[in-house]
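Asker: need the 3D shape of this:
(one chain, ligands or ions: 1)
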Amino acid sequence: MNSPLLPTYARADVAFEKGEGSWLVTRGGERYLDFGSGIAVNVLGHAHPHLVAALTEQAGKLWHVSNLFRIPEGERLAQRLVDATFADRVFFCNSGAEANEGAIKMARRYHHQRGQPERFRVVTFEGAFHGRTLATIAAGGQPKHLEGFGPKVDGFDQVPFGDHEALRAAITPETAAILIEPVQGEGGLRPVPPQCLRGLRELCDERGLLLIFDEVQTGVGRTGKLFAHEWSGIAPDIMTIAKGIGGGFPLGAILATEEAGAGLSAGTHGTTFGGNPLAMAVGNAVLDVVLAPGFLDHVQDMALLLKQRLAELVDRHPAVLKDVRGLGLLTGLRSVVPNTDFVAAARAQKLLSVPAGDNVARLMPPLNVTAAEIHEAASRLDAACSAIEAQAAGAAEGAT
Ligand SMILES: *Cc1c(COP(=O)(O)O)cnc(C)c1O
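Answerer: You can find the predicted model right below:
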């Protein structure tokens, strides 16, 4: 593969020409069942008629005006997000990392405005992923993301996942906030138990910290609730979203309570592209569908079915698969074989999935996936497991 692109990605040698719902089609007409959804982005699958209509209609009217002017479509989308969540205020940007950068700035400003500028540090968790900018790689704390990029941005203290003692010990008079994904996505589909999220809320209240949820991957219906933290019954002070909210159009947002967001006054933060009319039209169209009565029930039903089918596969193929991970349609399989081998074997059966940490392959179909497509995915995964087993048997025979 000779390409002028920087080789920052290990791309599979497949290119798609079009998509229809849960399916992607190559130029040669080969159909792949897409259970990767562009890394949990295409919540309504490909070429959803309502999204296509919203985008094309807006494209003929107005693309971009900048944030020097009011953008009514953005005010409407923000109001709908406020009405559907804990939040009072919304800031639109273009990506997950940018949303997290803004959330970190918001938390620092909050304490600065309250006369405690020394409170700027953010506690994060091992296995976290918050993006690839300089601050968000420091927040994520993964050595492989930090290496070679100069001094790590200061102000992040990482504690082991699930270690309550370490968490309490990490909080100092300089701590501004706790930042956590309700389900670690890239880290390997590790859900934070609801009681732990409630414990974090209590801890933040007790110590005057802001609680920031990174729902870039878990949000917009992915786990069967509009936002994953709703399963715990508590709310953060700040939440970042991206992936699903644009349904494939680049869009991110920071949602905050009035109090938490108060520090970001005029001139303190901004973006040229964030919240432009094209993005806002698509975001509103995504919400039209995701907020419709019954939609999240469908996600929960499909999640249950997928989980059952995946559990059967684990039972049938113990030499290949270890267990089922995740929450809702943010689910996947931890394998015995390297997860990249498993993802490749599934792709050979024309079923797309996405590797994650902890040797997991993520299965994240569009949220409007059908039961028939889940059964089809299960049979393709079954075939992938059998192919891996046959290969292993062949290798063992060759060795004797
Ligand atoms: C994908 C992701 C990000 C980064 O989003 P980008 O749009 O790639 O910048 C941040 N946090 C989480 C939890 C993610 O899954």
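
Asker: quick check: residues of the chain near the ligand?
Answerer: Residues of the chain lying close to the ligand by C-beta under 6 Å from any ligand atom are 95-97, 100, 129-131, 181, 185-186, 214, 216-217, 242-243. The way it works is simple: take the backbone N, C-alpha and C, and place the C-beta from them, glycine included.

Asker: got a pLDDT number for the nearest residue to Gly326 once chain neighbours are set aside?
Answerer: Nearest residue to Gly326, sequence neighbours excluded (C-beta to C-beta, 6 or more residues apart in numbering): Leu189, at 3.9 Å. With respect to pLDDT, Leu189 has a value of 97.

Asker: again with the one 10 residues further on
Answerer: You'll see Gly199 listed with a pLDDT of 97.

Asker: what do you get for Asn100?
Answerer: pLDDT, read off for Asn100, is 98.

Asker: right, and it touches Ala139 too?
Answerer: Yes. Between Asn100 and Ala139 there is a contact at 6.8 Å, judged by C-beta atoms under 8 Å.

Asker: name the helix or strand for Ile305, please.
Answerer: Not quite, residue 305 is Leu, not Ile. Assigning secondary structure by DSSP states H and E places Leu305 in helix 295-316.

Asker: so what's the closest residue to the ligand within the chain up against?
Answerer: Closest contact between the chain and the ligand, by C-beta to the nearest ligand atom, is at Gly96 (2.2 Å). Contact partners of Gly96, counting by C-beta atoms under 8 Å, 6 or more residues apart in numbering, are His130, Gly131, Asp214, Val216, Gln217, Thr240, Ile241, Ala242, Lys243, Gly252.

Asker: and if you look at Val324?
Answerer: With C-beta under 8 Å, 6+ apart, Val324 has these contacts: Lys307, Leu310, Ala311, Val314, Thr331, Gly332, Leu333, Arg334.

Asker: any idea how far Lys152 is from Leu134?
Answerer: Between Leu134 and Lys152 the distance is 8 Å, computed by C-beta to C-beta, to the nearest Å.

Asker: now swap in Ile104 and tell me
Answerer: Relative to Lys152, Ile104 is positioned 14 Å away (C-beta to C-beta).

Asker: same deal with Thr223?
Answerer: 31 Å.

Asker: distance between the ends of stretch 129-147?
Answerer: Stretch 129-147 has an end-to-end distance of 15 Å (C-alpha to C-alpha, to the nearest Å).

Asker: what comes up buried for it?
Answerer: Using 16 or more other C-beta atoms under 10 Å as the test for burial, stretch 129-147 gives 129-131, 133-142, 145-146.

Asker: same thing with stretch 185-200?
Answerer: Taking 16+ other C-beta under 10 Å as the neighbour-count basis, stretch 185-200 is seen to contain the buried residues 185-192, 194, 196-197, 199-200.

Asker: try stretch 276-292
Answerer: Those would be 276-287, 289-290, for stretch 276-292 by 16+ other C-beta under 10 Å.

Asker: about what we covered before: now tell me what touches the helix holding Leu305 from outside.
Answerer: Applying C-beta under 8 Å, 6+ apart, the set of residues contacting helix 295-316 from outside is 221-226, 289-290, 321-324, 327-329, 331-333, 363, 365, 367-371, 374-375, 377-378, 381-382, 385.

Asker: Cys385: neighbour count?
Answerer: Neighbours of Cys385 under the rule other C-beta atoms under 10 Å: 25.

Asker: and if you look at Gln391?
Answerer: Using other C-beta under 10 Å, Gln391 has 13 other residues around it.

Asker: residue contacts, it?
Answerer: Applying C-beta under 8 Å, 6+ apart, no residues qualify as near Gln391.

Asker: where does it land on pLDDT?
Answerer: Predicted confidence (pLDDT) for Gln391: 94.

Asker: next one: Met1
Answerer: Model confidence at Met1, expressed as pLDDT, equals 61.

Asker: what does Val43 give?
Answerer: If you check Val43, the pLDDT there is 98.

Asker: what sits against it?
Answerer: So Val43 contacts Ser37, Val220, Gly221, Arg222, Gly244, Gly247, Val286, Val290, Pro366, Leu367, Asn368 (C-beta under 8 Å, 6+ apart).

Asker: the lengthiest helix in the chain: how far from the chain's middle?
Answerer: Under DSSP state H, the helix in the chain containing the largest number of residues is helix 371-399. Relative to its parent chain, helix 371-399 has a centroid offset of 28 Å by C-alpha atoms, centre = their mean, to the nearest Å.

Asker: that one versus helix 295-316: what angle between them?
Answerer: Angle, helix 371-399 to helix 295-316, by axes from the mean of the first three to the mean of the last three C-alpha atoms, to 10 degrees: 20 degrees.

Asker: next, the buried residues of helix 371-399.
Answerer: For helix 371-399, by 16+ other C-beta under 10 Å, it's Glu373, Ile374, Glu376, Ala377, Ala378, Arg380, Leu381, Asp382, Ala383, Ala384, Cys385, Ile388.

Asker: same question, stretch 97-115
Answerer: Buried, per 16+ other C-beta under 10 Å, within stretch 97-115: 97-112.

Asker: the residues you listed in helices, which ones?
Answerer: Checking those against DSSP H, those in helices are 97-112.
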